[in-house]
Every structure is written in C-alpha cells, then in structure tokens.
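Trainee: Here is a sequence with its predicted model. Questions after.
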Amino acid sequence: MTILCNLADHWKELHRLSTTSYETLSDAFQDHLRTGRRLFKLSEGTIRREEEDSPEISAGSGPRIETPIVVESETFATLSFSSPSANVARTFSGAEKELIELMARSLGRIILEHRQLDRLKFQARHDSLTALPNRVFFIELLESALVQARERAGLLAVLFIDLDRFKQINDTLGHAIGDRLLQNVAVRLRSLLTAGDLTGRMGGDEFTVVLPRPRDVHSVIGASQEFLDALREPYRFDGHELFVTASAGIAMFPQHGNTAADLLHNADLAMYRAKNAGKDALEVFVTEDLALGLERLRLENALRRAIENREFDLLYQPVMRMNGEIDGLEALLTWRHPLHGTISPKQFIPIAEEAGLIVPIGSWVLRQACLEGARWRKAGYLPIRISVNVSALQFERGDFAETVADALALSGFPSKCLELELTESCVMRDLAGSVIRMSRIRDLGVSISIDDFGTGYSSLSYLTKLPVDSLKIDQSFVRNLQEPEGSLPVVQSIVRLAHSMNLTVVAEGVETAAELDLVRVLGCDKVQGHVYGPSLSRQATETLLMNRNAVHALV
Ligand code: C2E
Ligand code: MG
Ligand code: MG
C-alpha cells in the first residue's frame, strides 16, 4: 500500500521549513504528526484516510520521494511525497529527506501502538483459543442485541450449547486434542452464522449463539438443529477421528427472560434437560426448568459427599437362566439420601457424569461388588458371577483396565466371575479405541456384555468387530413384544445374529409371565426382570444364595 501525500499545504510547509534549522524542522514535524494522527485512522491493521474524499489523497505529478513505513519488521506502507505539479521544479534537500524518514518512522510507531492497542482490546474481549467473544464480551453483545429487540418489540433467541462428554475426550486423548476440537467447533458454529447472529464461548465446552431476529420458536429450533447437525459431523485431525455430539437449550426473549443473564441461565437449564434426556438433544426452556436446576445443584452437592457419608449401597438383580436357575447377579447402585430417601441411578448417574463424579463413584461400585463377591465365596456360597455397570466416562479413561485389575487384586474376587456392562453408545463412540480397551479387560479374564442393546445404533455389523460375550436386549423391546407392530421381529433377528456369533442373549426388564414365555420362544438365553421380584438388598441376596446352595446340595 502506498500512502500518497500530495500535501498541498504541507508541501509549502516543508518547503518553508527546509530553509530553517533541523531542530525547527523536527519540532514542526511533531505538529505534523499530530495532524497525522487525525489524518489516518487505523482499523484492523489497515491504514485509511479519515476523510476519504480529502483532496490531499490525490497524488501530485511532480517529483516524488518515497520512504517505507516499517511496522514489526514489515513494510506496512510506503509514504510518498510528491509535488503538486510537474511544473514545480523541486529537489529534496537532505534535511527534507531526513524529515520525511522521521515522519515514516513516527507513523510506523503510531501504527504499531494502534495495533498493540487493538490486540489488547481484542484479547480482553475474546477467548484466546477460539477467538470467539468471551463470556464478558458476549454478554455485552447480547445486551445490545436485546436493546434493539426491545426497540422493535421483536423476538430474540439465545442458544446454549454444551458438548457431550468433552471431559472424557480431554482426559483420554489429551488437552491438545481437546483444544483442537474446541477450535473446530468454533469454526463450525461461525460458518453457520448469518448476518447479525452472534456466537461466543462461555468457557470449557460451552458455546452460545444469539439469533437476533427469529421469526418464531420453530425457526429457532430449525436453526439450532442445524448447529447440532454441523457439530455431529466427524472431526478429523492428527490421525484421530472423533465423533462428538452436543446438547443445547433455547431461551426466547421476551417469553423466557428479559435480561442477558436470565436468558443465558434459562437456556443453560434447558440444555441440562436435554443432557438428562440422554444427550445429543435440543430443548426449549420451560418454567419447570428453574426448579429442576435448583434441584440438580442440590443433588450435585450432596453427591459429592455421598461416598464418604456412606450413602451408597448396591442392590442385586438376579440374572436367571431359562430353566429357572440363577446365573448371576447385576449390581445396581442405589443412593440413600438422608433427606430425599432412595434415589434411582437414572436420576443421579447423569449428574455424576456431568460433575465428573462418576469415576470415583464407579470405582467404588466396582470395588464394593468385588469385595462382596469375594466375601460370599469365603462364606461358602457357590461361585456366582457379578455384573457391574460401567459408565462411558470410566471406560474411556486410559487407566480403566488397571482400576479393574486393582479391584480384583484387592478383593481376591476371581476375574472369571466378574462381568462388565458397557452400553452400546459408549462402545460405538470410538469403535477402534473401544476394541483395544475391551480386549485389555478381557485379557484380565473379565467378560463383557453390551447393555441396553438396540437403543443406540441401527447397524448391527459393528458387533462382529467387538470382543464381547453377551448382549442385553433393552427392556423397551421386551415391553413392545406384544404390540401388533411391535419389536418381535427385531428381537428375533438380534437373537439370531447374536447366536451366530456365539453371544449369549439376555432379555432385560421382563415383568410378566407372558413376556417371559415370549422371550423364551424367541430364543433368549437368560432373563432379568421384575417377573422374579424387585432387586435385592445384600441380605436378601444372601438368603437367595443360601437357598441356591441348599438346592445344589439336594441335587
Ligand atoms: P441397566 O443397567 O439397564 O439396569 C437395569 C435397570 O432396569 C435397573 O434400574 C433395574 O432396576 C431396572 N429393571 C430391572 N428389571 C426391571 C423390570 O422388570 N421392569 C422395570 N421397569 N425395570 C426393571 P436402575 O437400578 O434404576 O438402574 C438404571 C440404570 O442406571 C441402569 O440400567 C444402569 O444403566 C445405571 N446404573 C445402575 N447402577 C450403576 C452403576 O453402578 N454404575 C453405572 N455407571 N450405572 C449404573
Ligand atoms: Mg446394566
Ligand atoms: Mg440395561
């Protein structure tokens, strides 16, 4: 870029000054610089004349002198002086040349200062990783968007997006990969923005979007779904292929809040409901979310102290063979809250996962189940297999196999009596990695089953790749078996496929004798469910084991 300074009057000034001393020249130049500050406006690294139509912008045709303006060791622009007309016979004196060089240096310094100031301003308002507006700046932007929405009495939507299981990616693949993922997410979000839309990073894996002029809530849902779809596309970098989903909540102005803080908070609460509904989902704020949010916070705090307060306990649900014999026990975690009584894992496991508490809780369950199993053996009960549910967050930790080995070593419980239950979606998220981790567990002698089978992915072909021992058909299928257009054919093909691969099939949640008959006819190998009564306390389990011993003694 060349800055052409015809400088009609400056020329005169220079001409006049050149006859005076150098000191006077530089003093005068200081004034000139001050003019310079006004003449040039800096924005994002480009230098522009403040008055675009200023006559001074046109180049003269007379003799010319050019000096580079160097900023951060690069030529930012060339300062070029020329006389107004070719007719003016004019040469540049040494002092004038010096002055012009000084001017170029000073302009360079001014530009650098502006740049640094711009950078500082940018850094204070943007997240350094993704360059998106940070929380503080985003709230400012949202507030001004709200002012406009109020003025036109229009709608505005706030979308709160949180990646599902980001912590796990960070923990298992490292922070560098986590950072790359966040940068990619920011790029994808930004690519979907249309004029006026805003996006920001609230911190961690939380992103926000403002749609400033939505038609109605339906259009917001449509747009939000597009954001989630874009984030669901696989991420490929550094030889990794990551499958990531996100959950999101929507809050609308003015319906769901008047201030930036309220809208963000309420969109966040709606997002939590989406997470609780099984993640990879979108929810619009409803008033009940406020109470749920508070409840969630209370539960999370109580959950933090539940292990040390000895509020957890294991219940056991028998896994039955078709001939009525007990095949094993599934350990089910239960929480006896001092005020709220017994809380179901369906309620607190998602909270424990979000709060990063599932890892210590899961290790406790594993240790406890192994200790109990070992104690029963010592007490003389016949060997029994115990199944333990494993959360994706535990499974994907690099040290999970060691945790399992430690629990076995500590308790003395034989590995062949331990089974771990992994859900289909947990295994599918990173199939190649899962195969490696599952093999490590099986190398310990521990068996693996796929829990809630059928709820996750439609393709069954992945099963052939997995080192597993059994499939547990989710209770939703069992519940549907008797419906006219029900799940019977699906279950039939799952059983056929599983058997062709030498996998055992367990039907879960069998409640009635009719369901029991059906799953038997369909070829399921084992059943679990209330048809055999509710899950058992430790004491009730011991009674069951005692009876089993007695029956065995008779045979
Ligand atoms: P799951 O592993 O599929 O466990 C079966 C759930 O179905 C248990 O609920 C069980 O009580 C229930 N159930 C069993 N038979 C029947 C039936 O006939 N009818 C009906 N309606 N329900 C039946 P629970 O104990 O509430 O556990 C829910 C889920 O919480 C479990 O599903 C499992 O995914 C998770 N969970 C439980 N314990 C743990 C644990 O120690 N660690 C982890 N990570 N997750 C756990
Ligand atoms: Mg289970
Ligand atoms: Mg299940």
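Mentor: Noted; the coordinates are in hand. In this text the structure is predicted, and so the values were computed from the model without any measurement. Ligands and ions are numbered 1, 2, ... in the order given.

Trainee: all contacts plus neighbour counts: C-alpha atoms, from now on.
Mentor: Noted.

Trainee: Just give the number of residues close to the residue of the stretch 451-555 of the chain at minimum distance from ligand 3.
Mentor: Residue nearest to ligand 3 within the stretch 451-555 of the chain: Asp452 (4.0 Å; C-alpha to the ion). Neighbour count for Asp452, taken as other C-alpha atoms under 10 Å: 21.

Trainee: Doesn't it lie inside a strand?
Mentor: Yes: Asp452 forms part of a strand when assessed by DSSP: H, G, I helix; E, B strand; the rest coil.

Trainee: Do any residues in the helix or strand where Leu410 lies lie close to ligand 1?
Mentor: Secondary structure assignment for Leu410, by DSSP states H and E: helix 400-411. No: against ligand 1, helix 400-411 shows no contacts by C-alpha under 6 Å from any ligand atom, the least distance being 13.0 Å.

Trainee: Could you point out the helix or strand that follows that helix?
Mentor: Next along the chain after helix 400-411, taking DSSP H and E as the criterion, comes strand 418-423.

Trainee: what lines up beside that next one in the sheet?
Mentor: Using DSSP bridges, the strands paired with strand 418-423 in its sheet are strand 385-389 (parallel), strand 447-453 (parallel).

Trainee: Those strands: lowest mean pLDDT?
Mentor: Least confident of those, judged by mean pLDDT, is strand 447-453 with a mean of 94.

Trainee: Tell me the strands beside the helix or strand following it, with direction?
Mentor: Per DSSP H and E, strand 447-453 leads on to strand 470-473 as the next helix or strand towards the C-terminus. Strand pairing for strand 470-473, determined by DSSP bridges: strand 447-453 (parallel), strand 504-507 (parallel).

Trainee: Now do the buried residues in the helix holding Leu410.
Mentor: 400-401, 403-405, 407-408, 411 (16 or more other C-alpha atoms under 10 Å).

Trainee: Show me what that helix packs onto, helices and strands only.
Mentor: Judged by 3 or more C-alpha pairs under 8 Å, 6 or more residues apart in numbering; DSSP states H and E, the packing partners of helix 400-411 are helix 358-378, helix 431-443.

Trainee: does any bit of the longest one sit next to ligand 1?
Mentor: So that's helix 358-378. Yes: using C-alpha under 6 Å from any ligand atom, helix 358-378 reaches ligand 1 at 362, 365.

Trainee: which strands and helices sit next to that helix?
Mentor: For helix 358-378, the packing partners by 3+ C-alpha pairs under 8 Å, 6+ apart come out as helix 345-354, strand 385-389, helix 392-395, helix 400-411.

Trainee: and the first one, how far from the chain's centre?
Mentor: In other words, helix 345-354. Centroid separation for helix 345-354 versus its chain: 17 Å, with C-alpha atoms, centre = their mean, to the nearest Å.

Trainee: what's near enough to touch the nearest residue to Gly200 once chain neighbours are set aside?
Mentor: Among residues not flanking Gly200 along the chain, Pro133 sits closest, at 4.7 Å (C-alpha to C-alpha, 6 or more residues apart in numbering). Residues in contact with Pro133 (C-alpha atoms under 8 Å, 6 or more residues apart in numbering) are 125-127, 199-201.

Trainee: what bridges to the closest residue to ligand 3 within the stretch 201-350 of the chain?
Mentor: In the stretch 201-350 of the chain, the residue that lies nearest ligand 3 is Glu330 (10.0 Å; C-alpha to the ion). Counting by DSSP bridges, Glu330 is bridged to Gln317, Ser387.

Trainee: Adjust the sequence numbering to begin at 26 for everything that follows.
Mentor: Fine by me, first position is 26 from now on; the one you just mentioned is Glu355.

Trainee: ok, back up a step: wait, which of the strands paired with strand 495-498 is closest to Met453?
Mentor: Nearest of the strands paired with strand 495-498 to Met453, taken as C-alpha to C-alpha: strand 472-478 at 10.7 Å.

Trainee: how about the closest one: buried residues?
Mentor: Neighbour-count burial for strand 472-478, counted by 16+ other C-alpha under 10 Å, picks out 472-478.
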